[in-house]
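Novice: here is a sequence with its predicted model. Questions after.
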Amino acid sequence: MHCSCSCACVTQAKTGPAGWKWITENAGKPHDEQVVQKAAEEVEEFCRVLKFEGVTVHRPEPVRWDQLGTFRTPYFEDGG
């Protein structure tokens, strides 16, 4: 099944007005380092809790998106 709606349309519908405003104002900009650090800490704590509860947590290797070059989907192209 192929969606006839654009990805932006779906994203806008699912994020609501406040979320869409943030996306349009910040798209393509790097995130604030403090925000990234806080998110990383929260992910680490979540993994710690899961492991404590007996869940096996598999973490991917970090990806250097800036070194991957161009990538494409049927809807957009980025990088390079």
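Specialist: Now that the structure is in, tell me what you want to look at. Since we're looking at a predicted model, the values are computed, not measured.
Novice: now the residue in the chain sticking out farthest from the centre: phi and psi?
Specialist: Here the chain reaches farthest from its C-alpha mean at G54, the gap being 26.7 Å by Cα atoms, centre = their mean. G54 has phi and psi values of phi 90, psi 10 when expressed as degrees, to the nearest 10.
Novice: low-confidence stretches in the protein?
Specialist: Within the chain, the stretches with pLDDT under 70 are 1-8, 10, 80.
Novice: okay, strands next: where are they in it?
Specialist: 71-72, 77-78 (DSSP state E).
Novice: out of those, which is closest to L50?
Specialist: strand 71-72 (29.9 Å; Cβ to Cβ). Where C-beta positions appear, they are placed from N, C-alpha and C, glycine not excepted.
Novice: who's in contact with D78?
Specialist: 70-71 (Cβ atoms under 8 Å, 6 or more residues apart in numbering).
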